[in-house]
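A.B. asks: give me a model of this one.
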Amino acid sequence: MTDAETRARIRRLFYAEHWRIGTIAAELGVHHTTVRNAIEADRFASRETQIRPTMLDPYKGLVAKILDDHPRLRATRLFEMIHARGYTGSVVQLRRYVSTIRPTRREAFLRLETMPGEQAQVDWGSFGKILVGSAKRLLSCFVFVLSWSRAMYARFMLDQTLESFTFCHTLAFEAVGGVPREILYDNLKSVVLERVGDHIRFHPRILDVAGYYHFAPKPCAPYRGNEKGKVERLIQFLRHSFFAARQFSSVEDLNAQLARWIAEIAHTRRAPGCADGRSVADLLVDECPRLLPLPEHPMSCGRVLGTASGKTPYVRFDLNDYSIPHTLVRKPLTLVAEECTLRILDGDTEVARHARSYDRGRVIELPAHIAELAREKRRAHDLRGRDLLRSACKHADDLLDALTLRGEPLGGHTTRLAQLLDRYGAAELDGAIAEALARGAPGAASVAHILDQRARARKALPVLDTVLPTDPRVRDLRVTPHALDRYDDLYAATPDAGDGHRGATTDDEEPTS
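C.D. replies: Residues are numbered from 1 along each chain as shown. Below you'll find the predicted structure:
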């Protein structure tokens, strides 16, 4: 409130001295709104408010009646209805009016209390994207919470597929040591395929899980997230208390940190609504005996689908290629994808097992698959070469049999003989093979030597003309020949040179016996 003295001073400075509002505010150390209120107070008090007519006035009664019957109707739909009745004004004016008269309904909620072991709540939380190799993957967190003790299980996954959803259920049951009698869900597609009022068509896979672990799936009402408020609040708690500013190197590292956080922080906190101040871990100890017992073996939750390879021994799954035995190319197979493992089955027989990759464009191979294919290719190449030699040369079988008896590897000989066949022709090669067998020297090297000798005998090797370079320093070079008479004189000076014996001795030497 502005005192009378300040108000009077403001009005004097404004009306008598004609000071500006900002100058008055700075001079007196008050807010400019205070100055405006002091100046215009009499004007607002004495002047009657005048309401101007608008284009919407004839339709306000109709709009109010429609909103009474349909309080959630949008302003755009109301605009279409009154526009058809002659309204020519703006939808903005209608929105302003609707915001002042729309009935507000304040809903009261019951406090839902559950018995120990009676209920759990499940939901996904989205935490952005992470880079796995060269692939961007969605980072999601599966959150499971027991409604009575508030004990939780959570796990980060790289997708929200049905297989991941059911697999996390099995891990959650093992983590809390039992199964609640009912689990409350949102109306996600992994649980509810179709819903008309209270008539629900569940996903067959979630019914399989519920039948295996003996719990009842309970979807909450549409647009009633408050019915599973425990898991909603827990996701927010997880988001702000754990994930914010968290550093991690991989999803495995993140899940390891999450497990420690649940044990050291989430389960050691005071249980919400607990009058005696006990922790969540203490209440979980009391709730465990009330949970349904776990089955002897956990349910298999891998993704199963049919697949087949193309020309190469690989099957594709989730943007990556996985090797299979080359004998199963283009054959229908079964692929079972789990969180960390990918198995390939031929009927009931497992033919390949790989570590699953969440990267993209990767080729995951087993060395045995590639080595077997390479051996088969080499063997097929050798067989093709032998068949070619047998069809071209009648003595090829005898040569190969001789090489086999000697323990020689046939691959190298076959390749060399095929090259000789291309160079000399079938008749020449067959004759050379026959001669090599007659000499008792079977082998590609012997055959090649015989063919070379025959070629030399038929035609002498041509004399190669020496071609000098065009450089004039070389072409114009003149070489002066040397006289060889001195060498003849030296030869004549040697004793008994005419005998033709390099080993002749002089008279003074004793011949060696």
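
A.B. asks: would you list the phi and psi of Gly86?
C.D. replies: phi 110, psi 0 (degrees, to the nearest 10).

A.B. asks: I meant Leu345, not that one.
C.D. replies: Phi and psi for Leu345, reported as degrees, to the nearest 10, are phi -120, psi 140.

A.B. asks: ditto for Asp123
C.D. replies: Dihedral angles for Asp123 - degrees, to the nearest 10 - are phi -160, psi 160.

A.B. asks: grab the nearest non-local neighbour of it.
C.D. replies: When the adjacent residues along the chain are set aside, Asp123 lies closest to Val231, with 4.8 Å between them (C-beta to C-beta, 6 or more residues apart in numbering). (Glycine included, C-beta is placed from N, CA and C.)

A.B. asks: burial measure for the one you found, as a count.
C.D. replies: Using other C-beta atoms under 10 Å, Val231 has 22 neighbouring residues.

A.B. asks: residue contacts, it?
C.D. replies: Gln121, Val122, Asp123, Val143, Phe144, Val145, Leu184 (C-beta atoms under 8 Å, 6 or more residues apart in numbering).

A.B. asks: if we go to 7 Å?
C.D. replies: Going by C-beta atoms under 7 Å, 6 or more residues apart in numbering, Val231 touches Gln121, Val122, Asp123, Val143, Val145.

A.B. asks: looking at those residues, state which has the most neighbours.
C.D. replies: Neighbour counts for the contacts of Val231, by other C-beta under 10 Å, peak at Val145, which reaches 28 neighbours.

A.B. asks: in a helix, that residue, correct?
C.D. replies: No - assigned with DSSP: H, G, I helix; E, B strand; the rest coil, Val145 falls outside any helix and is strand.

A.B. asks: can you name the residues bridging to it?
C.D. replies: Residues in a beta bridge with Val145, per DSSP bridges, are Gln121, Met152.

A.B. asks: wait, it touches Gly125, no?
C.D. replies: No - using C-beta atoms under 7 Å, Val145 is not in contact with Gly125; the gap is 11.8 Å.

A.B. asks: where along the protein do the strands fall?
C.D. replies: Secondary structure of the chain (DSSP state E): strands at 119-132, 135-146, 152-157, 182-185, 192-196, 199-202, 216-219, 303-307, 314-317, 320-323, 333-337, 341-346, 349-355, 363-364.

A.B. asks: can you add distance to Arg52 and give those strands back as JSON lines?
C.D. replies: Shown next, in JSON lines, are the strands of the chain (distance: least, C-beta to C-beta, whole Å):
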{"stretch": "strand 119-132", "distance to Arg52": "49"}
{"stretch": "strand 135-146", "distance to Arg52": "54"}
{"stretch": "strand 152-157", "distance to Arg52": "59"}
{"stretch": "strand 182-185", "distance to Arg52": "54"}
{"stretch": "strand 192-196", "distance to Arg52": "49"}
{"stretch": "strand 199-202", "distance to Arg52": "53"}
{"stretch": "strand 216-219", "distance to Arg52": "52"}
{"stretch": "strand 303-307", "distance to Arg52": "67"}
{"stretch": "strand 314-317", "distance to Arg52": "69"}
{"stretch": "strand 320-323", "distance to Arg52": "69"}
{"stretch": "strand 333-337", "distance to Arg52": "69"}
{"stretch": "strand 341-346", "distance to Arg52": "73"}
{"stretch": "strand 349-355", "distance to Arg52": "75"}
{"stretch": "strand 363-364", "distance to Arg52": "75"}
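
A.B. asks: tabulate those (JSON lines), appending distance to Gly277 and mean pLDDT.
C.D. replies: Converted to JSON lines, the strands of the chain look like this (distance: least, C-beta to C-beta, whole Å; pLDDT from 0 to 100):
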{"stretch": "strand 119-132", "distance to Gly277": "23", "mean pLDDT": "92"}
{"stretch": "strand 135-146", "distance to Gly277": "19", "mean pLDDT": "93"}
{"stretch": "strand 152-157", "distance to Gly277": "19", "mean pLDDT": "95"}
{"stretch": "strand 182-185", "distance to Gly277": "27", "mean pLDDT": "92"}
{"stretch": "strand 192-196", "distance to Gly277": "39", "mean pLDDT": "83"}
{"stretch": "strand 199-202", "distance to Gly277": "40", "mean pLDDT": "86"}
{"stretch": "strand 216-219", "distance to Gly277": "31", "mean pLDDT": "90"}
{"stretch": "strand 303-307", "distance to Gly277": "45", "mean pLDDT": "87"}
{"stretch": "strand 314-317", "distance to Gly277": "51", "mean pLDDT": "91"}
{"stretch": "strand 320-323", "distance to Gly277": "52", "mean pLDDT": "92"}
{"stretch": "strand 333-337", "distance to Gly277": "46", "mean pLDDT": "91"}
{"stretch": "strand 341-346", "distance to Gly277": "45", "mean pLDDT": "92"}
{"stretch": "strand 349-355", "distance to Gly277": "47", "mean pLDDT": "91"}
{"stretch": "strand 363-364", "distance to Gly277": "53", "mean pLDDT": "88"}
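
A.B. asks: good, wrapping up.
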